[in-house]
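Asks: Please find the sequence and the predicted model below.
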Amino acid sequence: MKKNFGGALVTMGMAMLSACGSNSNSASENDSETLSAVIDEESQTISMKREIMDERCIQSENNTYIWKKVQMYDDTLVWGYKFANDTLIVINNPGSSYEIGMVLTGGTAGKLYGTWTSNHCVYKNGEIDCNSDLNMASYIYQYTFTKSSVSGKIIFFKDVDAEEKEGVRFDDYMNSLFMNRFFYSLYMEDDFDLSAWSLDNEDSSAVMSYSVYYPVSSKSKNKMTFAVNDTNVTVSVDEYNYDEDSGDFFLKLSVMSGNQTCTLEYTRIFEMSSKYCKAENEAYFDIDEEEDAYGSEFSYVDEYEKDMADEFNDCLNRMFFGSSKDQVLYKTTASSVDYKKFGKVRREFYKAVKSLKK
C-alpha cells in the first residue's frame, strides 16, 4: 500500500498522545491540534487530522445559544479522489449513499500530483453538473499535491469569460454583471432577479449597451446616478467586505429613486463567532449536529447567512413597475440545496488544507 505524508505534525507531547488515541481531558487547545495529511494512492484517499478542541455556537433545548469550547474527537477527515478523463474529482464521504464533491482540472490525467484548479462544477452521485450560478463567481480554488505536501490558495480573476488571472480582484461594481442585469430588467420591464454575487464580475460592454437608454450624470466604481423617465436614480455600494480565507462576506447596496430606497443586505459567516451567536439571529442559522468526545450529540450553528435579495428585488419591482411580481425563491429549490452542500464541502476541504500550514 502506497502512502505519502503531506504537511507536518505541528504539535508535540500531548498532541502526539491524542493522535494515538489518548482520551485525556487536560490537554490545552494548543496541545490538542495534530495537523497532518496522508495520501493513500492505493485506496485513493486523502486523510487529514482535525483538532479535538473547537469553539462552537451551541443550541440548547430551549433554543438559546451559547458560545463555548467543545471537546471533540481526535478524528480524521477522509476525502476520496478519482479521475474522469482529464478531471480530478475530490469527494466528501466516499462510498456513502450521497456522494458530493469538487471537480478540478489543469493537472495531468490520472495523476494526483501536480496543480489542480476548481471549475465550480458539482460532482453528485456519479454525475457532473456545471449548470450553476457558481460558474459566475470571480474566484477559484487551486490545490497543489506533492508526495510531501498539500497546499491551497484562492485565485481571483477580473472577467467572467477571461482566462484566470492570479491576484486580480474585480472592484469596479458599476461595470459589473449586477448592473448589466439591472439595466436589462429596467429596459425590458422584466422581473428583477439580482444577487450579491453578480457584483464580483465585470460585464462592461453589456452594461454600456443598456445604460445608453438612461443618461448617466455621475459614475465611480462604487456609485452611479442616471435618469429614468426624468427621475434621478442612484445605485450605491455602501459597504463591501470579503475575507478571502474564511469566505465571510458582508454587503450593503442601495438604490434610490425620488423619495424611495431599496436596500440589498447580505451577510454570510462561515467562521462562526460569539458576535453572531444570539437567539435573535436564529432565522439566519444553518443548524447541524455532531457528537463530542464523550459520545453526547449536540446541535450547533454551522453557518450564518442573511440574504435580503428577495425583499430587495420585490422593492425594485414596486419602485419601477408599480407592482410586485411573483418570484421563485431560489433558496428553496432542490438544486440550490445541492449547491449549498457543495459550497460547504469545498470550504471544508480548503480550510483543512490551509490548516496544514499552521
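Replies: Thanks, I have the structure now. Numbers count the residues shown, from 1 in each chain.
Asks: Give the buried residues for the one helix or strand residue 187 maps to.
Replies: Applying DSSP states H and E as the criterion places residue 187 in helix 177-188. The neighbour-count check on helix 177-188 (16 or more other C-beta atoms under 10 Å) flags 177, 178, 179, 180, 181, 182, 183, 185, 186 as buried. C-beta: built from backbone N, CA, C; applies to glycine.
Asks: Verify the stated contact: the third one with residue 186.
Replies: No: with contact defined as C-beta atoms under 8 Å, residue 179 does not reach residue 186; the gap is 10.3 Å.
Asks: Any regions of this protein where pLDDT drops low?
Replies: The chain contains residues with pLDDT under 70 at 1-36, 50-52, 74-75, 131-138, 157-169, 202-208, 245, 324-340, 357-358.
Asks: now do 50
Replies: Within the chain, the stretches with pLDDT under 50 are 5, 7-35, 159-166, 327-335, 358.
Asks: how about the helices in it?
Replies: For the chain, applying DSSP state H gives helices covering 14-19, 177-188, 204-211, 309-321, 334-355.
Asks: Make a markdown table from the ones you listed and add distance to residue 122 to it.
Replies: Output for the helices of the chain, formatted as a markdown table (distance: least, C-beta to C-beta, whole Å):
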| stretch | distance to residue 122 |
| --- | --- |
| helix 14-19 | 33 |
| helix 177-188 | 21 |
| helix 204-211 | 26 |
| helix 309-321 | 21 |
| helix 334-355 | 5 |
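Asks: right, and those - which one's nearest residue 78?
Replies: Residue 78 lies closest, by C-beta to C-beta, to one member of the helices of the chain: helix 334-355, at 10.8 Å.
Asks: where do the strands sit along the stretch 151-300 of the chain?
Replies: 216-219, 223-228, 231-242, 249-257, 260-269, 285-291, 297-307 (DSSP state E, counting those that start in this stretch).
Asks: among those, which is nearest residue 96?
Replies: Checking the strands of the stretch 151-300 of the chain against residue 96 by C-beta to C-beta gives strand 285-291 as the closest, at 16.1 Å.
Asks: in that closest one, what's buried?
Replies: residue 285.
Asks: can you list contacts of that strand?
Replies: Strand 285-291 has contacts (C-beta atoms under 8 Å, 6 or more residues apart in numbering) with 57, 59, 72-73, 297-305.
Asks: rewinding a little: between strand 223-228 and the helix holding residue 187, find me the angle.
Replies: 10 degrees (axes from the mean of the first three to the mean of the last three C-alpha atoms, to 10 degrees).
Asks: to the chain's geometric centre, what's the distance from helix 177-188?
Replies: Distance, stretch centre to chain centre, for helix 177-188: 25 Å (C-alpha atoms, centre = their mean, to the nearest Å).
Asks: Check this protein for me, the residue farthest from its geometric middle.
Replies: Relative to the C-alpha centroid of the chain, counting by C-alpha atoms, centre = their mean, residue 230 is the outermost residue, at 40.3 Å.
Asks: And that one, how far from residue 257?
Replies: 11 Å (C-beta to C-beta, to the nearest Å).
Asks: Over to residue 182?
Replies: Distance of residue 182 to residue 257, computed by C-beta to C-beta: 12 Å.
Asks: Residue 98 too?
Replies: Plainly put, residue 98 is 46 Å away from residue 257 if you go by C-beta to C-beta.
Asks: These two: who's more crowded?
Replies: Higher neighbour count among residue 98 and residue 257: residue 257, with 17 against 10, using other C-beta atoms under 10 Å.
Asks: residue contacts, the residue lying closest to the more buried one once chain neighbours are set aside?
Replies: Nearest non-adjacent residue to residue 257, counting by C-beta to C-beta, 6 or more residues apart in numbering: residue 233, 4.6 Å away. Residue 233 makes contacts with 214, 225, 226, 227, 255, 256, 257, as judged by C-beta under 8 Å, 6+ apart.
Asks: now that we have those, which one has the most neighbours?
Replies: residue 255 (21 neighbours).
Asks: which residues does that residue contact?
Replies: 233, 234, 235, 236, 261, 262, 263, 264, 316, 319.
Asks: one more time with 6 Å
Replies: Shown in contact with residue 255 (C-beta atoms under 6 Å, 6 or more residues apart in numbering): 235, 262.
Asks: what does residue 195 give?
Replies: Counting by C-beta under 6 Å, 6+ apart, residue 195 touches residue 309.
Asks: Check residue 125 too.
Replies: With contacts taken as C-beta under 6 Å, 6+ apart, residue 125 has the following neighbours: residue 99.
Asks: And it, how far from residue 104?
Replies: Separation of residue 125 from residue 104 (C-beta to C-beta): 18 Å.
Asks: same deal with residue 284?
Replies: Residue 284 is 31 Å from residue 104, by C-beta to C-beta.
Asks: So which of the two has more stuff around it?
Replies: Per other C-beta under 10 Å, whichever of residue 284 and residue 104 has more neighbours is residue 104, with 22 against 16.
Asks: from memory the more buried one sits against residue 120, does it?
Replies: No: Residue 104 is not in contact with residue 120 according to C-beta atoms under 6 Å; the separation is 10.4 Å.
Asks: Mutual contacts of these two, please.
Replies: Joint contacts of residue 104 and residue 120 (C-beta under 6 Å, 6+ apart) do not exist.
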